[in-house]
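Engineer: How does the following fold in three dimensions:
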Amino acid sequence: MSGTECIHGFENQLCDSCFPKAAPAKPVTRAASTSRAKRVPGAPRASSTKMPALADQRVYHVTHISNLENILLAGQLVAAAQIESPILDVSSPLTREMRGTASLSTGEAIDRYVPFSLVPESSAWRELRDGAPEPRWSDAARTASSSDFIFLVTTIRALGNDAVLADGDAAAGQTRFATDEATMTRMLGNLRADELTEDAEVLIHGSFAFDEVQLVGVASDKARDRVKELLDAASFATKVAVYPPWFIQ
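Structural biologist: Numbers count the residues shown, from 1 in each chain. Down below sits the predicted model:
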């Protein structure tokens, strides 16, 4: 490994294996249900001094590789409300309805925002990767192979000043939102300390320019070759890295 590029092809410490995050101060204990694990009242919060600052926090958008060509043709990721018919829609009609009716304090519906997760091993991706049995996923999602999905990786800095941080599923009734830097920093610190980053979402209104995507993570050499072919055809020089751990149960 030389410089800041790891053996997996990642740069700027994007690889969680070669540049691991600080170990949590306490073990993660999760119930068998889908409810979030909570910090024990009175227990000390884990230190986040070695965590990236808010602006440098990595964020991840997962999509099926069949959707990439249309994303590249548009030159941007667009919110679900603006997509009439994605090639492969992983969301069920129920999810579409919930995200189309739930809204932020601004009155804007959740489906008018492009969602990102704070960690690659998010709750949503884990469900999707492991067979998507929950009602929020479509039949197409249940038959799709996890190796045919891709990660689009960027940072909160690249999302810009309009990014919104949600401390859970953005369409859930009890989810709280942070819209300014100070509140987002405080919320992110609490999410890290309570080990709830896998449930959180970062939202950007309307669309996100693809040239701000810093890396495309794929499961195999075959997927890398296909992604590079599409990127070259659309004149994007975005880095592509094969990183199987993101795609393995």
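
Engineer: For the chain, which segments count as helices?
Structural biologist: For the chain, the helices defined by DSSP state H cover 68-74, 93-101, 123-129, 139-143, 156-159, 181-193, 221-233.

Engineer: can these go into TSV with extra columns for distance to residue 246 and mean neighbour count?
Structural biologist: (C-beta placed from N, C-alpha, C; glycine too.) Listed next are those as TSV, based on distance: least, Cβ to Cβ, whole Å; neighbours: other Cβ atoms under 10 Å:
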stretch	distance to residue 246	mean neighbour count
helix 68-74	16	17
helix 93-101	22	15
helix 123-129	8	18
helix 139-143	17	15
helix 156-159	19	20
helix 181-193	20	17
helix 221-233	12	15
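
Engineer: With mean pLDDT and distance to residue 214 as extra columns, can I get those in JSON lines?
Structural biologist: JSON lines is the format used below for the helices of the chain (pLDDT from 0 to 100; distance: least, Cβ to Cβ, whole Å):
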{"stretch": "helix 68-74", "mean pLDDT": "96", "distance to residue 214": "15"}
{"stretch": "helix 93-101", "mean pLDDT": "95", "distance to residue 214": "26"}
{"stretch": "helix 123-129", "mean pLDDT": "96", "distance to residue 214": "18"}
{"stretch": "helix 139-143", "mean pLDDT": "95", "distance to residue 214": "26"}
{"stretch": "helix 156-159", "mean pLDDT": "96", "distance to residue 214": "7"}
{"stretch": "helix 181-193", "mean pLDDT": "96", "distance to residue 214": "19"}
{"stretch": "helix 221-233", "mean pLDDT": "98", "distance to residue 214": "13"}
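
Engineer: Nearest to residue 205, out of those?
Structural biologist: helix 156-159 (9.9 Å; Cβ to Cβ).

Engineer: and the closest one, what does it pack onto?
Structural biologist: strand 201-205 (3 or more Cβ pairs under 8 Å, 6 or more residues apart in numbering; DSSP states H and E).

Engineer: what is the orientation angle of the strand it packs on with helix 181-193?
Structural biologist: Computed by axes from the mean of the first three to the mean of the last three Cα atoms, to 10 degrees, the angle separating strand 201-205 from helix 181-193 equals 150 degrees.

Engineer: Does anything pack onto strand 201-205? Which helices or strands?
Structural biologist: strand 113-117, helix 156-159, strand 164-166.

Engineer: related to what we said a few turns ago, for the helices of the chain, could you give me a markdown table that also reports distance to residue 203?
Structural biologist: Formatted as a markdown table, the helices of the chain follow (distance: least, Cβ to Cβ, whole Å):
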| stretch | distance to residue 203 |
| --- | --- |
| helix 68-74 | 17 |
| helix 93-101 | 11 |
| helix 123-129 | 13 |
| helix 139-143 | 21 |
| helix 156-159 | 9 |
| helix 181-193 | 11 |
| helix 221-233 | 25 |
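
Engineer: In CSV: the helices and strands packed on strand 201-205, plus distance to residue 88.
Structural biologist: CSV is the format used below for the helices and strands packed on strand 201-205 (distance: least, Cβ to Cβ, whole Å):
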stretch, distance to residue 88
strand 113-117, 16
helix 156-159, 24
strand 164-166, 24
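
Engineer: which ones are touching the residue nearest to residue 132 when sequence neighbours are not counted?
Structural biologist: Leaving aside its chain neighbours, residue 132 sits nearest to residue 141 (4.2 Å; criterion: Cβ to Cβ, 6 or more residues apart in numbering). Contact analysis of residue 141 by Cβ atoms under 8 Å, 6 or more residues apart in numbering lists 88, 89, 90, 91, 128, 132.

Engineer: ok, so of the residues you listed, who is nearest residue 70?
Structural biologist: The closest of these to residue 70 turns out to be residue 88 (Cβ to Cβ; 10.7 Å).

Engineer: residue ranges with poor pLDDT in the protein?
Structural biologist: Residues of the chain that meet the criterion pLDDT under 70 lie in 1-51.

Engineer: So which of the helices of the chain is nearest residue 170?
Structural biologist: Closest to residue 170 of those, according to Cβ to Cβ: helix 93-101, at 7.2 Å.
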